[in-house]
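Kindly generate the corresponding structure for this input.
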Amino acid sequence: MATTDEIRRRVELADAERSNRRLATAQLVGELAHRRTVLATELSEVDVKLGELITEAEDVMSLPELASFTDVPVDELTKWTTASKPKRGRKRRAITRPPKVETSSVAEVVPQALRPATEQ
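You can find the predicted model right below:
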């Protein structure tokens, strides 16, 4: 049977191994996630630049012609040109509310012919 000290040592050893794995995993995931964010931003910027360049050259070269020179499919070229265009904002509906009609009493609103005989 293991002594109290031996049990403590075994638990600490097991916890240390688990903690080291957790730490290594968390650090690696954090680094890779950061790297992915940087690369995604960079790729987005490249897409916009490609789109701007292609759009500027449309007066001298068509997309199919550019595709034949570069071996880049027309669909890809088209995606880049749309990536360089700013996105439209959503249309917002104008809120039209009828003007408030302020009344101080019901008697002012109800025509005299509709009032009870006691008020007339």
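
Okay, now the unreliable bits of this structure?
Scanning the chain with the threshold set as pLDDT under 70 gives 84-92, 94-95, 98-99, 101-120.

show me the biggest helix of the chain in terms of residues.
helix 4-56 (DSSP state H).

Give the other helices and strands that the very next helix or strand once past that one contacts.
Downstream of helix 4-56, the first helix or strand assigned by DSSP states H and E is helix 63-70. Where contact means 3 or more CB pairs under 8 Å, 6 or more residues apart in numbering; DSSP states H and E, helix 63-70 is packed against helix 74-84. Any C-beta I mention is one placed from the backbone N, CA and C, and that applies to glycine too.

Could I get the buried residue list for the helix it packs on?
Residues of helix 74-84 classed as buried: 77, 80, 81, 83, 84 (neighbour count, 16 or more other CB atoms under 10 Å).

Save those as CSV, and put in distance to residue 40 too.
As requested, those are exported to CSV (distance: CB to CB, whole Å):
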residue, distance to residue 40
77, 21
80, 16
81, 20
83, 13
84, 17
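
so which of those residues comes closest to residue 16?
Closest to residue 16 out of these is residue 83 (49.0 Å), distances taken as CB to CB.

Next one: the closest one from residue 31, what distance?
From residue 83 across to residue 31, the span is 28 Å (CB to CB, to the nearest Å).

repeat for residue 76
According to CB to CB, residue 76 stands 30 Å off from residue 31.

now swap in residue 72 and tell me
With CB to CB as the criterion, residue 72 and residue 31 are 32 Å apart.
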